[in-house]
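*Asks:* pasting the sequence and the predicted model now:
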Amino acid sequence: METDMMRILYIEDNPGDVLLIKEVLTDALGTGFSLAVADRLSSGIDKLKEISPNVLLLDLGLPDSAGIETLTRLLSKSPEAKVIPIVVLTGNTDESLGLLALKHGAQEYMVKGMMDSRFLVRLIRYAIERKKMEMDLRRSNEELRVNQIELKMQAEELRKAQLALELSRDKYLDLYDFAPLGYFTLNDKALIEEMNLTGATLLGVERSKLANARFRKFIAPEYFEQWDRYFLNVLNQGQKQSCPIIIKRGDGSTFPARLESIRITDGNKENPTVRVAISDITHIWRVETALRISNKKLALLNSITRHDIMNQLMVLSGSLENALNTVRGNEGIININRAQKAAKTIQYQIAFTREYEELGVKAPVWQRISAVIRSAASQMASKTIAIEIPDERLEIYADPLLVKVFYNLFDNTQKYGGAVTRISISHHPAGDGLVVTVADNGIGLSPDDKKHLFERGFGKHTGLGLFLSREILSITGISISETGIPGNGARFEILVPEGAFRFTGKLTPT
């Protein structure tokens, strides 16, 4: 302020007072100020718009206005006056009027008879600073008022949001508690952290008593190992997994259930949780049990019928053999040979039906591929072919006859692959699925054979081996194809879809 030119407007009708002010300011500021004068309030308001002064000196006794009304009229008619510091100058006996002016909006007042250069300049500077503080305070108050309004609006919105959230929470809790499935949240030690009302009802235990209880406590003892393996797999993998199991209620009674579980990390990989959904499948279990009994009876009937047919075939074969020894003429021999061949084919087909009479009868199960391959290899007549077994951790969800699939592949290789010395089994990811490859170092398959390989009746004997292998795999959505190059060995690719394979870790009880 000291280095800038101070612009001053003085509204005063007395030339003597104007001259006195000018002398006092010159004495204190030298040439560092400019002084504009107006002898009436109306002309002073006009000058305010023109020069935008740093400070306004105002005499309250003017030709067109007198007393405190001069200040109030100035502030009401001039928007510029509201933002400029005002110093009121009063007569010798008007000190009380000066105090009144402060109440009505002036920043300072001074009695003309007490005018001093230093005092006046100090007073002007105080007025400027005070006006600046008033404006800052006014802006702060306005901002505070706006903020209060915004806060009030936000508080109202928050109140509405909270009310909506409470309503949504109540609906969610109702849906959660009274859902048809039992829902549990377990920690990484398989301790129950949360559960819904349906879950507590299924277990037959009060909800309050389930907190921190070990979930394994509610598994039938004969299923402990299956549960341990299942829970460990869920912890180690991020995919949803299912498992049929027997649940033991609090009173000791049991019921069949299906578990659907998935690991949840919520950003905390060190302490994941597992969400488990339990469904009571008693009705399904009863239907499956009835179906198994029915299938067992059908199998018994098939067995008896098959036995009777085989006996009759033996009689037929013997009769044909006797007829062959007595018949004369080439045509008769040809006809008997044709009949013997047909009888032998029927024997093969009947024997084959015994092997596959349980196709699709039993529910699919998780099977460790390495164990399936070893079992299939042990049934081979020749032990001269080396079989490379894949990852011990790989399991596939398939029909229990999966071992027949691998046996058929190995048996075909042994019979028709030429001088095969090695069969290698490997796997690799394919999108969301997994491809299990069975490849040998034999002569491979011709392009014509590839076209009909999995068709019913194609091949020697029954022509059903690879056809039924494909059917066995398709029960759980698995497909098979032959992709080898003729002359470089056969190569079968078994495509396992997502959810039908898993890699298990070392079994540890939980």
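*Replies:* Cool, got the structure.

*Asks:* tell me which stretches of the stretch 351-500 of the chain form strands.
*Replies:* 365-368, 386-388, 394-398, 422-430, 433-440, 479-482, 491-496 (DSSP state E, counting those that start in this stretch).

*Asks:* show me what the helix or strand where R306 lies is packed against.
*Replies:* If you go by DSSP states H and E, R306 is part of helix 282-326. Judged by 3 or more C-beta pairs under 8 Å, 6 or more residues apart in numbering; DSSP states H and E, helix 282-326 is in contact with strand 254-264, helix 330-355. The way it works is simple: take the backbone N, C-alpha and C, and place the C-beta from them, glycine included.

*Asks:* from the chain's centre, how far out does it sit?
*Replies:* Taking C-alpha atoms, centre = their mean, to the nearest Å, one finds helix 282-326 lying 53 Å from the centre of the chain it belongs to.

*Asks:* same thing with stretch 467-486?
*Replies:* Offset of stretch 467-486 from its chain centre (C-alpha atoms, centre = their mean): 34 Å.

*Asks:* residues in contact with it?
*Replies:* Residues outside stretch 467-486 that contact it (C-beta atoms under 8 Å, 6 or more residues apart in numbering): 356, 359-360, 364, 396-399, 401-402, 404-405, 408-409, 439, 443-447, 450, 453-458, 490-497, 500.

*Asks:* can you say which of those residues are buried?
*Replies:* With burial judged by 16 or more other C-beta atoms under 10 Å, the buried subset of those is 356, 359, 364, 396-399, 401-402, 404-405, 408-409, 439, 443-445, 450, 453-454, 490-497, 500.

*Asks:* right, and Q347 touches M310 too?
*Replies:* Yes: between Q347 and M310 there is a contact under C-beta atoms under 8 Å: 7.1 Å.

*Asks:* packing partners of the one helix or strand D17 maps to?
*Replies:* If you go by DSSP H and E, D17 is part of helix 15-29. Of the remaining helices and strands, those touching helix 15-29 by 3+ C-beta pairs under 8 Å, 6+ apart are strand 6-11, strand 33-38, helix 117-177.

*Asks:* single out the most deeply packed of those.
*Replies:* By mean neighbour count, with neighbours taken as mean count of other C-beta atoms under 10 Å, strand 6-11 ranks first of the helices and strands packed on helix 15-29 at a mean of 22.

*Asks:* can you give the contact residues for it?
*Replies:* So strand 6-11 is contacted by 18, 21, 25, 29, 32-41, 44, 47-48, 51-59, 62, 124 (C-beta under 8 Å, 6+ apart).

*Asks:* kindly report the same for stretch 276-289.
*Replies:* Under C-beta under 8 Å, 6+ apart, the answer for stretch 276-289 is 180-186, 199, 202, 215, 244, 247, 255-261, 363.

*Asks:* show me just the buried residues among those residues.
*Replies:* Among the contacts of stretch 276-289, those scoring as buried are 181-186, 199, 202, 215, 244, 247, 255-259, 261 (criterion: 16+ other C-beta under 10 Å).

*Asks:* show me how far stretch 366-381 is from its chain's centre.
*Replies:* 39 Å.

*Asks:* what comes up buried for it?
*Replies:* Buried residues in stretch 366-381, defined by neighbour count with 16+ other C-beta under 10 Å: W366, Q367, I369, S370, V372, I373, A376, A377, M380.

*Asks:* need the residues you listed in JSON lines with pLDDT and distance to L120, can you?
*Replies:* Output for the buried residues of stretch 366-381, formatted as JSON lines (pLDDT from 0 to 100; distance: C-beta to C-beta, whole Å):
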{"residue": "W366", "pLDDT": "92", "distance to L120": "100"}
{"residue": "Q367", "pLDDT": "93", "distance to L120": "105"}
{"residue": "I369", "pLDDT": "93", "distance to L120": "103"}
{"residue": "S370", "pLDDT": "93", "distance to L120": "105"}
{"residue": "V372", "pLDDT": "93", "distance to L120": "108"}
{"residue": "I373", "pLDDT": "92", "distance to L120": "109"}
{"residue": "A376", "pLDDT": "89", "distance to L120": "114"}
{"residue": "A377", "pLDDT": "88", "distance to L120": "115"}
{"residue": "M380", "pLDDT": "80", "distance to L120": "120"}
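
*Asks:* next, format the strands of the stretch 351-500 of the chain as JSON lines and append distance to K209.
*Replies:* JSON lines is the format used below for the strands of the stretch 351-500 of the chain (distance: least, C-beta to C-beta, whole Å):
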{"stretch": "strand 365-368", "distance to K209": "33"}
{"stretch": "strand 386-388", "distance to K209": "53"}
{"stretch": "strand 394-398", "distance to K209": "35"}
{"stretch": "strand 422-430", "distance to K209": "45"}
{"stretch": "strand 433-440", "distance to K209": "43"}
{"stretch": "strand 479-482", "distance to K209": "49"}
{"stretch": "strand 491-496", "distance to K209": "42"}
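
*Asks:* E331 is nearest to which of these?
*Replies:* Nearest to E331, of all those, is strand 479-482, at 41.9 Å by C-beta to C-beta.

*Asks:* just the buried positions in the closest one, please.
*Replies:* Neighbour-count burial for strand 479-482 [16+ other C-beta under 10 Å]: I480, E482.

*Asks:* please apply the same query to stretch 183-201.
*Replies:* Y183, F184, T185, L186, A190, I192, M195, N196, L197, T198, G199, A200.

*Asks:* L41 touches L75, doesn't it?
*Replies:* No: counting by C-beta under 8 Å, L41 stays clear of L75, with 11.3 Å between them.

*Asks:* between the two, which is the more surrounded one?
*Replies:* The neighbour count for L41 versus L75, taken as other C-beta atoms under 10 Å, is higher for L41 (24 against 15).

*Asks:* got a list of what that one touches?
*Replies:* L41 touches I11, L62, D64, S65, T70, R73, L74, counting by C-beta under 8 Å, 6+ apart.
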